[in-house]
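Asks: quick one, fold the following:
(2 chains)
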Amino acid sequence: MFLLRATSFAALSVALLACNKPRTLTFATEEIAITAEGPLYAGTNTAQGEWVSQLDAFLAKNGTIASDVSGARLVGAVLSTSDSSGFDGVNGVSLQLASDLVSMQELAILAPLPAGKRSIELSLATQQDRILDFLQQPKMTVVADVDLQNDQETDLTMNAQLTFELDVKN
Amino acid sequence: MLRYTLYLTFLLGTLHAFGQNPEADRLLGVWEPSNGKARVKIEKIGSKYFGKIVWLREPNDPVTGQPKVDKNNPDESLRATPLRGHRLLKDFMHADKNEWNEGTIYDPENGSTYSCVITMTDENTLDIRGFIGVKALGRTDVWKRLQMKK
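Replies: Predicted structure coming up:
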């Protein structure tokens, strides 16, 4: 009898622990357009693009809500351009998030850039303390600092796609 | 009089719609710290002000001969970030006529970040006060606008 009770208790405990274990969801943004208005000068230029987060809709689709997200981290940052010469003429790029209510967060960098590529994957920052705070904002600004080799008259336009992992309590 | 009021309302509405605040935006421009080692461009992202290095008197590392990088960044993964282009001033909000606060300043020489208040003492001069915890316990540097306004 005692053995049966103890076994039942242990099974129940394991089941409860399993239920409380957070699951991980992968949330990828749509392509976010980022622009630096020309004329631009050799050296660093700031490109910006507004991102309206679709996180709530994504969470609802996955049967959860924002208050159940206990952690978040960036796991991928890709920049792409439709320019036929790719990122030639760009020495390096760094990516940040900014918003009115959360302090700026460094996301990723890459320097130098591979030649002739229209899409580049950036190296991610290891300190990502404020990612969850950002994801809880309805909108934010994606900022790219682009180090140009030469002056250019025209706008610089690119797209960013960010991929986040979310820890969700269930 | 009515026409003037309507015009003023329209003008203010337009400026607001485009996120412009002429009094706060006086901070925008290129500034030089007192040591003359760098020039910092202050720009606006959203409704906040940020400043990044756009010029270095010594752009290359004397040891490696390569462009200087942020070698003291506490995040090791970001130590390859070029110093030219690095954002030193972050997240400043316009507080009152001549003050911008709630921001931070980063010192690339030791990798430390301090709380910071910017006070415009005249159109071409900024007092940049960095501090830890209490504003009174800090240090002030005087920055000059590169292209003086008359």
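
Asks: C-alpha only now, for contacts and for neighbours.
Replies: Noted.

Asks: wait, what's in contact with the spatially most central residue of chain A?
Replies: In chain A, the residue lying closest to the centroid (C-alpha atoms, centre = their mean) is residue A:162, at 3.8 Å. By C-alpha atoms under 8 Å, 6 or more residues apart in numbering or on different chains, the residues touching residue A:162 are A:28-30, A:74-78.

Asks: interface residues of chain B facing chain A?
Replies: By C-alpha under 8 Å from any C-alpha of the partner chain, the residues of chain B that approach chain A are B:45-48, B:54, B:75-78, B:80-81, B:84-85, B:90-91.

Asks: max pairwise distance over those residues: which two?
Replies: With C-alpha to C-alpha as the measure, no two of those lie farther apart than B:47 and B:76, at 29.9 Å.

Asks: so these two - more neighbours on which side?
Replies: For residue B:47 and residue B:76, the more surrounded residue by other C-alpha atoms under 10 Å in any protein chain shown is residue B:47, and the numbers stand at 16 against 13.

Asks: okay, now the residue in chain A that chain B sits nearest to: neighbour count?
Replies: Nearest residue of chain A to chain B (C-alpha to the nearest C-alpha) works out as residue A:44 at 5.1 Å. Other residues near residue A:44 number 25, with proximity taken as other C-alpha under 10 Å.

Asks: what's the answer for residue A:84, then?
Replies: Residue A:84 - counted by other C-alpha under 10 Å - has 10 other residues nearby.

Asks: so the residue of chain A closest to chain B touches residue A:144, yeah?
Replies: No - assessed by C-alpha atoms under 8 Å, residue A:44 is found out of contact with residue A:144, at 9.8 Å.

Asks: for residue 116, which non-adjacent residue is closest in space?
Replies: I went with chain A, as the question did not name one. Leaving aside its chain neighbours, residue A:116 sits nearest to residue A:86 (5.4 Å; criterion: C-alpha to C-alpha, 6 or more residues apart in numbering or on different chains).

Asks: please refer instead to chain B.
Replies: That would be residue B:130: by C-alpha to C-alpha, 6+ apart, it lies 4.4 Å from residue B:116.

Asks: can you pull the contacts of residue A:159?
Replies: A:31-34, A:79-81.

Asks: now with 10 Å, please.
Replies: Going by C-alpha atoms under 10 Å, 6 or more residues apart in numbering or on different chains, residue A:159 touches A:30-35, A:49, A:78-82, A:119.

Asks: so which of those residues reach chain B?
Replies: Contacts with chain B within the contacts of residue A:159, counted by C-alpha under 10 Å from any C-alpha of the partner chain: residue A:49.

Asks: now, the most widely separated pair of the contacts of residue A:159?
Replies: Pairwise across the contacts of residue A:159, and taking C-alpha to C-alpha, the largest span is found between A:49 and A:119, at 17.6 Å.

Asks: so between these two, which is more surrounded?
Replies: Set side by side, residue A:49 and residue A:119 show more neighbours around residue A:49, with 21 against 17, by other C-alpha under 10 Å.

Asks: put the alpha carbons of the helix or strand the more buried one falls within into CSV.
Replies: Counting by DSSP states H and E, the element that carries residue A:49 is strand A:43-52. Taking C-alpha atoms only, strand A:43-52 is exported to CSV below (Å, rounded to 0.1, in the frame of the first residue of the first chain):
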residue,chain,number,x,y,z
GLY,A,43,32.3,56.2,-43.2
THR,A,44,29.5,55.3,-40.8
ASN,A,45,25.9,56.1,-41.7
THR,A,46,22.8,55.3,-39.8
ALA,A,47,20.0,53.4,-41.5
GLN,A,48,16.7,52.9,-39.7
GLY,A,49,13.4,51.0,-40.1
GLU,A,50,10.4,50.8,-38.0
TRP,A,51,9.2,47.3,-36.9
VAL,A,52,5.7,46.8,-35.7
